[in-house]
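In: Show me how the following folds:
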Amino acid sequence: MSIKMTNNMISASVNNADLSGADESILIVDDERMQRDLLSKLLNVLGYAATAVASGEEAVTFLRTHQVNLVMLDMCMTPGMNGRQTFEAILKLHPEQKVIIVSGYSDSEEISKSFALGAKDFVRKPYTIAELGQAVKRGLSS
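Out: Below you'll find the model as predicted:
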């Protein structure tokens, strides 16, 4: 099943200018294509420049040659590196990288370890556009 969402549908649900970005670059790291596509579309509508990759390994490769203002990182990815392992690898490249955790699980030990590494915020799936926008703002400002 495919969900078709237009920019007008998303824009209609965004009525708070405080959620809008200023073209800051955000890297989305999620192994589920539908999640990457949805998050990219929402972030673009909010005014961010979103790029998405399908694994922790792809994120590390991307960040070797690019810098972003924020990484939105899924915790549970298979196969390969999970979110915490990806975060550790990112910090070796960019020690000050801002990261927000995006996950359907809120009580994971891996999430706790990610906060100990310096994660800026947590967005629980499923999320609203307001929750997403607020978390991105907090992540970028911290």
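In: Tell me which helix or strand in the chain has the weakest average pLDDT.
Out: helix 7-13 (a mean of 44; mean pLDDT, DSSP states H and E).
In: which strands and helices sit next to the helix or strand that it is followed by?
Out: Later in the chain than helix 7-13, the nearest helix or strand by DSSP states H and E is strand 25-29. With contacts defined as 3 or more C-beta pairs under 8 Å, 6 or more residues apart in numbering; DSSP states H and E, the packing partners of strand 25-29 are helix 33-46, strand 49-53, helix 56-65, strand 70-74. Heads up, the C-betas are built off the backbone N, CA and C, glycines and all.
In: Tabulate the ones you listed in JSON lines, adding columns for mean neighbour count and distance to Ser112.
Out: Output for the helices and strands packed on strand 25-29, formatted as JSON lines (neighbours: other C-beta atoms under 10 Å; distance: least, C-beta to C-beta, whole Å):
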{"stretch": "helix 33-46", "mean neighbour count": "18", "distance to Ser112": "22"}
{"stretch": "strand 49-53", "mean neighbour count": "19", "distance to Ser112": "24"}
{"stretch": "helix 56-65", "mean neighbour count": "17", "distance to Ser112": "18"}
{"stretch": "strand 70-74", "mean neighbour count": "25", "distance to Ser112": "14"}
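In: Of these, give the one that comes closest to Val102.
Out: For these, the distance to Val102 is smallest for strand 70-74, at 5.2 Å, taking C-beta to C-beta.
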